[in-house]
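1. Take this sequence and fold it.
(one chain, ligands or ions: 1)
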Amino acid sequence: MSNTPHLFSPLVLRGVRLPNRIVVSPMCQYSCTDGFATDWHLVHLGSRAVGGAGLLMSEAAAVTPEGRISPQDLGIYKDEHIEPLERITSFLHGQGAYAGMQLAHAGRKGSTAPPWETARVIPPAEGGWTFVPAPSAVPFADNYPQPTALDGSGIKSTTDAFVAAARRALAAGYDVIELHAAHGYLIHEFLSPISNLRTDEYGGSFENRIRFLIEVTDAVRQVWPERLPLFVRISATDWLENPSTGKTEDGSDPGWTLEQSIALASKLREHGVDLIDVSSGGNVRSANIPVGPGYQTPFAERIKKEAHISTGAVGMITEPAQADHIIRTGQADLVILAREMLRDPYWALRAAQELKQSTPWPVQYMRAAEGHPPPRKPIGE
Ligand SMILES: Cc1cc2nc3c(=O)[nH]c(=O)nc-3n(C[C@H](O)[C@H](O)[C@H](O)COP(=O)(O)O)c2cc1C
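-> Coordinates of the predicted model:
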């Protein structure tokens, strides 16, 4: 038998042994009041655990109230948030799946409307807020709030909020934390020279722009147990560059680039990060993104090979053979699916049948499982 890993090979990261390479990507559900998870979140994530995914990432969970994108976002800024989250992690563990929490701060994209409404700033009278922190006082686009540049103590208290949130995630039973440093939210805003115009030690050079993320990583790693993995989701490029040449058409500033992402990923590895979840874009509204099947996977491959760190590939991965190929050819260690998981919560079980792999089914559904693979065991048994 070949030792080449495939979609249904386990992956060991520190003390966690994921049963397969299939991850449900973080997806905001815009279904909370004051950050509290509800039955919707239990069923949304729970059904995809029943459907065989090995790791379920929570949607972006805001570390402060003003760190939410919309007033309906998930939060982890209060101890009271722990209890309903713990109900979700217990259910996922009962399905033999692992639970990940994405810790996030929306930065200058905060206090905005859910995507199914017209893009607009939500005023305080409708549950929005006016303090929208960012590295620099530069709005993302029209219909977005005017942000306030964080001062030194604001940066420190935001780092502390990530730490408090990590402690709560641990108390709620999560196995993985992912820091959201992508999609034009606060951490990405610090990384990119497009949104970070600071002249202090948090702006200017590459070392200065990555400082906030490195500080958050170090602080979270200190409270997040050694036995548990830490992921970081990044946007590999702002899409102002041609990723093959690293240059723009007109010689203007390419913003955050793939080369910088590779250098950042190496640093993050040295700071105790186990896997880079490689997304792209979100910081420049006018960016021209060549979206297509697996369009971000080459970034995951380059980061894995050049920064020597595990990666997750995300973005228009929909077909079992496509996902399996990514793992078999060593382009990434995990495949992370978002919209296809909304279309088919049982994608992983279907993929196993299509790829002729055996994966355990919930014991309750065994009569429907072709070939009757062994039933699943809850984690911890
Ligand atoms: C409804 C929805 C909500 C999303 N919310 C988040 C989020 O909370 N955090 C995040 O990092 N990405 C979020 N994303 C982006 C996805 O995680 C994923 O990166 C993107 O959809 C590309 O993957 P796909 O082609 O498989 O959908 C969201 C996407 C969708 C469709």
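2. going forward, measure contacts and count neighbours with C-alpha atoms only.
-> Fine.
3. what residues does this structure put near the ligand?
-> Contacts of the chain with the ligand, taken as C-alpha under 6 Å from any ligand atom, map to 25-28, 59-60, 279, 314-317, 337-340.
4. Can I have the buried ones of those as a ChimeraX selection?
-> To isolate the buried members of the residues of the chain next to the ligand in ChimeraX, using 16 or more other C-alpha atoms under 10 Å:
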select :25,26,28,59,60,279,314,315,316,317,337,338,340
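5. Select, from the residues of the chain next to the ligand, the two members most distant in space.
-> The largest separation in these, counting by C-alpha to C-alpha, is between Ala60 and Ile317 at 20.3 Å.
6. Closest one of the residues of the chain next to the ligand to Pro254?
-> For those, the minimum distance to Pro254 (C-alpha to C-alpha) is 17.1 Å, reached by Ser279.
7. is it true that that closest one touches Ala236?
-> Yes. Using C-alpha atoms under 8 Å, Ser279 is in contact with Ala236, at 6.1 Å.
8. Let me see the residues that make contact with the lengthiest helix in the chain.
-> Counting by DSSP state H, the longest helix found in the chain is helix 152-171. Contacts with helix 152-171, where a contact means C-alpha atoms under 8 Å, 6 or more residues apart in numbering, come from 63-64, 76-77, 79, 82, 86, 101, 103, 177, 212, 215-216, 219-220, 223-224.
9. Check stretch 313-328 too.
-> Stretch 313-328 has contacts (C-alpha under 8 Å, 6+ apart) with 4-7, 21, 25, 277-279, 292-297, 300, 331-338, 340, 351, 354-355.
10. Now list the buried members of the residues you listed.
-> Using 16+ other C-alpha under 10 Å, the buried ones in the contacts of stretch 313-328 are 5-7, 21, 25, 277-279, 294-297, 300, 331-338, 340, 351.
11. Which of those residues fall in helices?
-> Counting by DSSP H, the part of the buried ones among the contacts of stretch 313-328 found in helices is 297, 300, 340, 351.
12. For Ala113, state which of the residues you listed is nearest.
-> Ala113 lies nearest to Glu340 out of those, by C-alpha to C-alpha, at 23.8 Å.
13. List the residues that contact that closest one.
-> When contacts are counted by C-alpha under 8 Å, 6+ apart, Glu340 touches 317-318, 347.
14. what about 7 Å?
-> Thr318 (C-alpha atoms under 7 Å, 6 or more residues apart in numbering).
15. Identify the residue spatially nearest to the residue in the stretch 1-150 of the chain positioned nearest to the ligand, adjacent ones excluded.
-> The ligand sits closest to Met27 of the stretch 1-150 of the chain, with a gap of 3.2 Å, by C-alpha to the nearest ligand atom. Of all residues not flanking Met27 in the chain, Glu59 sits nearest, at 4.5 Å (C-alpha to C-alpha, 6 or more residues apart in numbering).
16. Is that neighbour in a helix, a strand, or coil?
-> Per DSSP: H, G, I helix; E, B strand; the rest coil, the local secondary structure of Glu59 is strand.
17. So it sits against Pro26, correct?
-> Yes. With contact defined as C-alpha atoms under 7 Å, Glu59 reaches Pro26; the gap is 4.2 Å.
18. okay, and the common contacts of these two?
-> Common neighbours of Glu59 and Pro26, counting by C-alpha under 7 Å, 6+ apart, are Gln102.
19. follow-up on the earlier one: can you flag which of the residues of the chain next to the ligand belong to strands?
-> 59-60, 279, 314, 337 (DSSP state E).
20. And the residue nearest the centre of the chain?
-> Using C-alpha atoms, centre = their mean, the residue of the chain that lies closest to the mean C-alpha position is Arg233, 4.7 Å off.
21. Am I right that that one falls within a helix?
-> No. Assessed with three-state DSSP, Arg233 is strand; it does not lie in a helix.
22. Give the bridge partners for the nearest residue to it once chain neighbours are set aside, please.
-> Residue nearest to Arg233 in three dimensions, not counting chain neighbours: Asp277, with 4.4 Å by C-alpha to C-alpha, 6+ apart. Beta-bridge partners recorded for Asp277 (DSSP bridges): Arg233, Gly312.
23. Return the residues in contact with Asp277.
-> Residues in contact with Asp277, defined by C-alpha under 7 Å, 6+ apart, are 231-234, 311-313.
24. same question, Phe231
-> 177-179, 273-277.
25. Thr89 now?
-> Contacts of Thr89 by C-alpha under 7 Å, 6+ apart are 99, 173-174.
26. circling back to that earlier point, possible to save the contacts of Phe231 as CSV with secondary structure and distance to Gly251?
-> Shown next, in CSV, are these (DSSP: H, G, I helix; E, B strand; the rest coil; distance: C-alpha to C-alpha, whole Å):
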residue, secondary structure, distance to Gly251
Ile177, strand, 38
Glu178, strand, 34
Leu179, strand, 32
Val273, coil, 33
Asp274, coil, 35
Leu275, strand, 33
Ile276, strand, 29
Asp277, strand, 29
